[in-house]
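Trainee: With the input below, show me the fold.
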Amino acid sequence: MNLFLPDELAACRKLVDLAVAEDLGRFGDRTSRALIPADQTASATFVARSAGVIAGLPAAALVCESLSFTTLIEDGSAVSAGTRIATVSGSLRDILAAERIALNFLQRLSGVATLTRRFVDLVQGTNAKILDTRKTTPGWRLLEKYAVRMGGGTNHRLGLHDGILIKDNHLAGLNGDVRRAVMMAREAPGNDTFPVEVEVDTLEQLNEALAAGADIVLLDNMSTDMMKEAVRRRDATAPLTKLEASGGVNLQTARAIAGTGVDRISVGALTHSATALDIALDFGA
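Mentor: The predicted model follows:
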């Protein structure tokens with residue numbers, strides 16, 4: 001069982017190693033060593049305490065790789081409270097040492113997947129896709145973006161290295177010249193395989209971006225009326241250009257934003273504001 005891409009698996013191994021070192025230190029689990037015989041075995045079950053979408057089972061499997069770990073559902077599955085997620089068996093000391101680390105991965109990533117699914121469900125029936133951003137936990141970006149996919153969302157660029165997004169602070173260095181920025185980004189060596197996206201916050205800037213041939217235009221903090229007008233202008237002059245809404249997107253506004261006709265909605269909250277899903281490890285469940 002492994003839904004991780006190779007880079008995600010490598011990143012997770014590093015995080016697991018860090019988490020184990022952080023929790024067990026040089027001396028291991030002092031409490032279990034004092035109370036639990038070395039040869040005592042047990043089995044336990046990871047159980048959802050609340051409804052949500054599960055993500056992170058491959059990470060939990062890595063944490064529990066010295067044990068027998070069996071998944072009962074797949075990542076991306078919607079669960080209700082009481083759903084059994086996976087079982088683990090083997091040395092009781094090892095189970096207790098792995099418990100919190102595995103739960104931290106499962107709870108965090110399932111929280112991201114759960115929040116993503118809520119946004120995705122809100123925009124069903126429209127053309128809009130829900131995208132993540134770079135507002136991720138340092139070191140956890142690959143795993144959090146994996147969780148977004150498990151929730152039904154779409155990954156934006158991974159980092160500064162694999163996408164072109166001309167933002168307002170870039171434009172400030174060019175005196176706000178949108179056309180020049182798009183041209184320079186497109187003509188720079190090595191950029192020919194990447195779509196050029198530019199952020200705008202006025203309809204005048206939108207006109208410049210469309211005229212410059214931007215592949216994607218990010219509509220930053222625009223009202224829904226402005227977004228509708230942006231869609232109208234795009235349809236009339238550059239129908240192949242994608243429009244992306246960003247800024248102030250939440251569960252109360254997502255549906256209305258999707259209704260304007262934009263193609264993409266990027267939501268930083270998917271990763272920076274997701275609440276961990278309540279999951280526990282129960283013995284005898």
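
Trainee: ok, now how distant is E199 from D94?
Mentor: Separation of E199 from D94 (CB to CB, to the nearest Å) stands at 49 Å. The C-beta positions use only the backbone N, C-alpha and C, and glycine is treated the same way.

Trainee: try A113
Mentor: Taken as CB to CB, the span from A113 to D94 is 27 Å.

Trainee: picking that back up, if you count surrounding residues, which of E199 and D94 has more?
Mentor: A side-by-side neighbour count of E199 and D94, using other CB atoms under 10 Å, places E199 first with 25 against 18.

Trainee: Tell me which residues touch L67, please.
Mentor: V88, S89, G90, S91, D94, I95, A98 (CB atoms under 8 Å, 6 or more residues apart in numbering).

Trainee: Apart from its neighbours in sequence, what residue is nearest it?
Mentor: Nearest non-adjacent residue to L67, counting by CB to CB, 6 or more residues apart in numbering: G90, 3.8 Å away.

Trainee: Low-confidence bits of the stretch 1-150 of the chain, can you list those?
Mentor: Applying pLDDT under 70 to the stretch 1-150 of the chain flags residues 1-2.

Trainee: Could I get the full set of helices for it?
Mentor: With DSSP state H, counting those that start in this stretch as the criterion, the stretch 1-150 of the chain has helices at 6-24, 30-35, 57-63, 92-122, 141-150.

Trainee: nearest to A245, of the ones you listed?
Mentor: With CB to CB as the criterion, A245 lies closest to helix 92-122 of those, at 12.2 Å.

Trainee: Report the angle between that closest one and helix 6-24.
Mentor: 130 degrees (axes from the mean of the first three to the mean of the last three CA atoms, to 10 degrees).

Trainee: So what's the gap between helix 92-122 and the chain middle?
Mentor: With CA atoms, centre = their mean, to the nearest Å as the basis, helix 92-122 stands 13 Å off its chain's centre.

Trainee: And for stretch 27-44?
Mentor: 35 Å.

Trainee: of all the helices of the stretch 1-150 of the chain, which lies closest to G261?
Mentor: With CB to CB as the measure, helix 92-122 is the member of those nearest G261 (15.8 Å).

Trainee: Not counting residues beside it along the chain, what's closest to L92?
Mentor: A42 is the one closest to L92 (CB to CB, 6+ apart), at 4.2 Å.

Trainee: typo on my end, it should be G56
Mentor: Among residues not flanking G56 along the chain, L109 sits closest, at 3.4 Å (CB to CB, 6+ apart).

Trainee: How many residues are close by that neighbour?
Mentor: The number of residues packed near L109 is 31, by other CB under 10 Å.

Trainee: follow-up on the earlier one: who wins on neighbours among the contacts of L67?
Mentor: Going by other CB under 10 Å, A98 tops those with 29 neighbours.

Trainee: T71 bridge partners, please.
Mentor: Beta-bridge pairing of T71, defined through DSSP bridges, involves A86.

Trainee: how close does the residue located most distally from the centre of the chain sit to S91?
Mentor: What lies farthest from the middle of the chain is P37; by CA atoms, centre = their mean that is 40.9 Å. From P37 over to S91 the distance is 10 Å, taken as CB to CB.

Trainee: Residues in contact with both of these two, list them for me.
Mentor: With contacts taken as CB under 8 Å, 6+ apart, P37 and S91 have no neighbour in common.
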